[in-house]
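# sequence first, predicted coordinates after that:
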Amino acid sequence: MLDKERGLYIAHCANGALSITGKMANRHGLIAGATGTGKTVTLQVMAETFCQAGVPCFMADMKGDLSGISQVGKMSGFIEKRLPEFGIENPEFQSCPVRFFDVFGEQGHPMRATISQMGPQLLSRLMQLNETQDGVLNIVFRIADERGLLLDDLKDLRSMLDWVSQHAKEYRTKYGTVTSMSIGSIQRALLQLENQGAEKFFGLPSFDIYDLLQTDASGKGIMNVLAADKLMLQPKLYSTFLLWLLSELYSTLPEVGDLPLPKLVFFFDEAHMLFTDTSKALLDKIEQVIRLIRSKGVGIYFITQSPTDIPETILGQLGNRVQHALRAYTPKDQKAVKTAADTFRANPAFKTDEAIMNLETGEALVSFLDEKGAPSVVERAKILFPLSQIGAITDGQRLDIIKQSRIYGKYDETKERESAFEVLIAEADRQLAEQAQQETEIDIPKPTAEPKAEKKKPGLLGKVGKAILTAITSTLAAILGTYVSDKVTGKKTKSKTSATGRVVKNATSAATRSVTRELTRDILGNLIK
């Protein structure tokens, strides 16, 4: 709740109001506590307060509850009972200007990024690649950059992986070995991303970060609410997407130093997911972004169950803290309570570790930075109630808000441009065309000597005549041979026709057989041709 005297009024304790100092709001913060202790309501109260001060916010809505910030709240028995505790008589219930976003484009404006914008480091985390595969992915990005190839969506990256695999020998001495096994592993990881619906996130038009930094006509900061109920089913995609948003803000926004109020407050719900299975190199980058982004006018507030979910190097940079109740049923839980208590500046009025375990719903230990940037003494306080609706809105209300947005239709239609996929396909087609042209070229034959004329084979009638002539000749030779033989020996044949007839008969049979063979050979030859 914005109060001219109190500033960014968030909670109330025995000593009075507890408010976030405007120029210290970009020093980041933490909202922690067990499930059901009031973290979401605290987030809504803080977002409302920033909204009234003209500071836009970004927040992920895990269960749809935060969508109620778009509607005017109303009096309830619970609120009426707590009014005297805060010294409020007539609360002015009001709504906040809201824009709904959705990575999948179902419950809000789509939010997309190109593969190039995401970069190899975040993609490697998203696909859970090992060190070798991460190295190969970096090589692919480097080669694409050298060739001037744009990586917009998953098909561009897949095409580039395939091309590098085919030309791996050419880059071996320059970048090292690229194995087909590593390429195959990355391709399978891409397939898993597609199955999770990530192809809807990668592409054009990419999201413009400046659409998060806007106010409405009355000067209120616009609340940018990301529908995350479906996105939460893929924790890696969720946390990597939010980390990409932070990286884009860091790389895009100019340096502004310490402002009276932040340009944007970024609420990172389920923050523990950001640091689970994250490489040392990426953790170093996250720490750098969080440390330096405050000079860009951006405050980051992590929401998680226990402070132990946040690495110590990052936890030390979170100056504004709200700690709801923690349960300590096991030694591990008791250690977490002790760690949480040690992060506060002690209050002699009570023991911090004992107070953490005895806080009621809506009650918290609160410590904000003072004007000089020093943490205040921790106070046991009660968080204010929201002035907007607590709980989800209807689908009809959500749709009306989406259609009334100034950016309605800006990201709805996907766009294509000539990127790696189109360039590599065109290159492959050109190579195939050149190869086909070379194969179809006709060589001119060299002149050769004229072939010798072949002897003409006799026809069927010629062969019959030749056979008959041969038979007659053989018969005459047989007759003459018999006659000469008789004259020489002086013997007479017993029969006029016996010897001669046998000779003639045999000769005739031979001639007949010869003619038959020639006829058969020619007939079969003609049939076979």
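Yep, it's here. Keep in mind that what you see is a predicted model, and the values were worked out from it rather than measured. Numbers count the residues shown, from 1 in each chain.

# ranges for the helices of the stretch 101-250 of the chain?
Using DSSP state H, counting those that start in this stretch, the helices of the stretch 101-250 of the chain run over residues 115-127, 131-146, 154-166, 168-175, 180-195, 235-252.

# would you turn those into a markdown table with mean pLDDT, distance to residue 8 and mean neighbour count?
Yep, even glycine has a C-beta here, placed from its N, CA and C like the rest. Below are the helices of the stretch 101-250 of the chain laid out as a markdown table (pLDDT from 0 to 100; distance: least, CB to CB, whole Å; neighbours: other CB atoms under 10 Å):
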| stretch | mean pLDDT | distance to residue 8 | mean neighbour count |
| --- | --- | --- | --- |
| helix 115-127 | 95 | 32 | 21 |
| helix 131-146 | 96 | 42 | 18 |
| helix 154-166 | 96 | 42 | 20 |
| helix 168-175 | 93 | 51 | 13 |
| helix 180-195 | 94 | 40 | 15 |
| helix 235-252 | 94 | 21 | 19 |
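
# columns distance to residue 76 on top of those, output as JSON lines?
Below are those laid out as JSON lines (distance: least, CB to CB, whole Å):
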{"stretch": "helix 115-127", "distance to residue 76": "42"}
{"stretch": "helix 131-146", "distance to residue 76": "52"}
{"stretch": "helix 154-166", "distance to residue 76": "48"}
{"stretch": "helix 168-175", "distance to residue 76": "64"}
{"stretch": "helix 180-195", "distance to residue 76": "44"}
{"stretch": "helix 235-252", "distance to residue 76": "32"}
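
# low-confidence ranges in the chain?
1-6, 442-529 (pLDDT under 70).

# what about the nearest residue to residue 135 once chain neighbours are set aside, neighbour count?
Spatial nearest neighbour of residue 135, excluding adjacent residues (CB to CB, 6 or more residues apart in numbering): residue 176 at 7.4 Å. For residue 176, the neighbour count with other CB atoms under 10 Å is 11.

# distance-wise, check residue 176 relative to residue 346.
To residue 346, residue 176 is 54 Å away according to CB to CB, to the nearest Å.

# do a quick rundown of the strands in the protein.
For the chain, the strands defined by DSSP state E occupy 2-3, 7-13, 16-20, 29-32, 57-61, 98-102, 109-110, 223-227, 264-269, 298-304, 320-323, 363-367, 379-383.

# pull the residues that contact the last one.
Around strand 379-383, the neighbours that count as contacts under CB atoms under 8 Å, 6 or more residues apart in numbering are 10-15, 18, 38, 41-42, 45, 82, 85-86, 322, 347, 350, 355, 359, 362-367.

# show me which of the residues you listed are buried.
Buried members of these, scored by 16 or more other CB atoms under 10 Å, are 10-13, 18, 38, 41-42, 45, 82, 86, 322, 347, 355, 359, 362-367.

# what distance do you get for the residue nearest to residue 135 to residue 14?
Taking CB to CB, one finds residue 176 at 65 Å from residue 14.

# same question, residue 241
Distance from residue 241 to residue 14, by CB to CB: 42 Å.

# Throw the strands of the chain into CSV and include distance to residue 424, thanks.
Shown next, in CSV, are these (distance: least, CB to CB, whole Å):
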stretch, distance to residue 424
strand 2-3, 55
strand 7-13, 53
strand 16-20, 52
strand 29-32, 47
strand 57-61, 36
strand 98-102, 32
strand 109-110, 27
strand 223-227, 34
strand 264-269, 38
strand 298-304, 38
strand 320-323, 50
strand 363-367, 56
strand 379-383, 56
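
# those: which one's closest to residue 433?
strand 109-110 (38.2 Å; CB to CB).

# and the closest one, how far out from the chain middle?
17 Å (CA atoms, centre = their mean, to the nearest Å).

# try stretch 144-158
Per CA atoms, centre = their mean, the centroid offset for stretch 144-158 relative to its chain is 13 Å.

# ok, which of the helices of the stretch 101-250 of the chain comes nearest residue 107?
helix 235-252 (14.7 Å).

# quick one, that closest one and helix 180-195 angle?
Going by axes from the mean of the first three to the mean of the last three CA atoms, to 10 degrees, helix 235-252 is angled at 90 degrees with respect to helix 180-195.

# show me what helix 235-252 is packed up against.
Judged by 3 or more CB pairs under 8 Å, 6 or more residues apart in numbering; DSSP states H and E, helix 235-252 is in contact with strand 57-61, helix 115-127, strand 264-269, helix 272-275, helix 280-292, strand 298-304.

# swap in 7 Å and give it another go.
helix 115-127, helix 272-275, helix 280-292 (3 or more CB pairs under 7 Å, 6 or more residues apart in numbering; DSSP states H and E).

# tell me what angle the last one forms with strand 264-269.
In other words, helix 280-292. 140 degrees.

# in the sheet, who's paired with residue 31?
Beta bridges link residue 31 to residue 303, residue 322, judged by DSSP bridges.

# residue 129 versus that one, what's the distance?
32 Å.

# of these two, who's got more company?
residue 31 (26 against 20).

# isn't the more buried one right up against residue 42?
Yes. Using CB atoms under 7 Å, residue 31 makes contact with residue 42 at a distance of 5.4 Å.

# which neighbours do the two share?
Counting by CB atoms under 7 Å, 6 or more residues apart in numbering, the residues touching both residue 31 and residue 42 are residue 322.

# contacting residues around residue 58?
With CB under 7 Å, 6+ apart, residue 58 has these contacts: 212, 224, 264, 266, 267.

# could those residues go into TSV alongside neighbour count and distance to residue 415?
Listed next are the contacts of residue 58 as TSV, based on neighbours: other CB atoms under 10 Å; distance: CB to CB, whole Å:
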residue	neighbour count	distance to residue 415
212	21	21
224	25	22
264	24	27
266	23	27
267	27	30
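
# adding distance to residue 284, write the residues you listed out as CSV.
Output for those, formatted as CSV (distance: CB to CB, whole Å):
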residue, distance to residue 284
212, 25
224, 28
264, 24
266, 20
267, 23
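
# out of those, the closest to residue 432 would be?
Among those, residue 212 lies closest to residue 432 (CB to CB), at 46.5 Å.

# what's the spacing between that closest one and residue 181?
For residue 212, the distance to residue 181 equals 41 Å [CB to CB].

# give me the phi and psi angles of residue 319.
phi -90, psi -30 (degrees, to the nearest 10).

# just checking, it touches residue 27?
Yes. Counting by CB under 7 Å, residue 319 touches residue 27, with 4.2 Å between them.

# okay, these two: which has more neighbours?
residue 319 (24 against 21).

# quick one: contacts for that one?
24, 27, 28, 29, 369, 375.

# quick one: contacts for residue 178?
Going by CB under 7 Å, 6+ apart, the list of residues near residue 178 reads 136, 139, 164, 165, 168, 171.

# kindly apply the preceding question to residue 220 instead.
Contacts of residue 220 (CB under 7 Å, 6+ apart): 51, 52, 54, 96, 97.

# and those, which are buried?
For these, buried by 16+ other CB under 10 Å: 51, 52, 96, 97.

# ramachandran angles for the nearest residue in space to residue 297 that is not next to it in sequence?
Spatial nearest neighbour of residue 297, excluding adjacent residues (CB to CB, 6+ apart): residue 263 at 3.5 Å. Dihedral pair for residue 263: phi -80, psi -30, per degrees, to the nearest 10.

# equivalent analysis for residue 378, please.
phi -60, psi 140.

# thought it was touching residue 348?
No. Between residue 378 and residue 348 there is no contact under CB under 7 Å: 10.7 Å.

# tell me which of those two has more neighbours.
Between residue 378 and residue 348, counted using other CB under 10 Å, residue 378 has the larger neighbour count: 24 against 6.

# and that one, what does it touch?
Contacts of residue 378 (CB under 7 Å, 6+ apart): 344, 345, 346, 347, 352, 365, 367.

# against residue 373, how distant is residue 323?
Residue 323 sits at a distance of 20 Å from residue 373 (criterion: CB to CB).
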